[in-house]
Structures are given as C-alpha cells and as structure tokens.
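Trainee: based on what follows, work out the 3D shape:
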Amino acid sequence: MKKTHLTITASVVLLVLLSAFAFRPVSTYKDCRVVKGKVTSVFKGGDDVVVTLEGRKENYFIDKGLKKGLNLAKLKTGLEGKQVTIKYPDYRSMFTPDKSLKNIVTIEYSGKTIFSELK
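Mentor: As a prediction, this is how the structure comes out:
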C-alpha cells in the first residue's frame, strides 16, 4: 500500500516538473526557428488563431489570439494566399510530441509584423 502511494506521488511530481519544462517562454528571436511559406488557411481553434502553410504538415497557432484582440476575418483576407514569415520556438510539448503544432511567436507579411509575443 505504501509503495503504491509512493509511486503515485512520484508520478505526479514528475508530471508537474515535465509540464513546467514543456512550456518554456521564448525571450528573444534567436530562440526561434523560422519558416516561410504561402498561407493556405487561417481559422479559429478555440480562442487560438490557426495558420496553415502550403506544403507543410504542421499547423501554426497564435495562442489565445482572439482574446488578444486579433480579428480573424482581417487575418483571413490579409494573409490567405500570401507569403509570410513565421517564427516559433523549437521545443516539444507533451500535447504534441510529434511537433505538428507550432506556437507562433511572430508572424510577418511584406516586411511588417502582424503579431508578436515579444516586446
């Protein structure tokens, strides 16, 4: 009985520690990967704004973008079919171990920053 309790407690502590390291904040552009491509779609995913690029299997998202005041309709008309540059952190999350979902730190179009988490 004590061994089971100890195993459960150790598992919970390990899960909490792994969760803390899975969501490292990005503090500079040098911490980011860069991808460039043509936007095929912009859509809502809960409170997130999700962007897909032509020829890429990953989806890129702006975490809570709609709550941050981004206008989905404007992003759709302004970005779909356009070449953009997306910067995102290169880390694995326990929720997407295959790295198929990338958190957008910055998205740029035609030399202008459309969104940035960095200040």
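
Trainee: quick check: pLDDT value at the residue lying closest to S100 once chain neighbours are set aside.
Mentor: Closest residue in space to S100, ignoring its immediate chain neighbours: E58 at 5.4 Å, by C-beta to C-beta, 6 or more residues apart in numbering. For the C-beta atoms, the positions are set from N, CA and C on the backbone; glycine is no exception. Looking at E58, its pLDDT is 90.

Trainee: likewise for the one 4 residues further on?
Mentor: As summarised for this prediction, I62 has a pLDDT of 93.

Trainee: that one and T9: what is the separation?
Mentor: Here the criterion is C-beta to C-beta, to the nearest Å. By it, I62 lies 37 Å from T9.

Trainee: I'd say I62 and T106 touch.
Mentor: No - between I62 and T106 there is no contact under C-beta atoms under 8 Å: 9.9 Å.

Trainee: more neighbours: these two, which one.
Mentor: Neighbour comparison, I62 and T106: the larger count goes to I62, with 26 against 19 (by other C-beta atoms under 10 Å).
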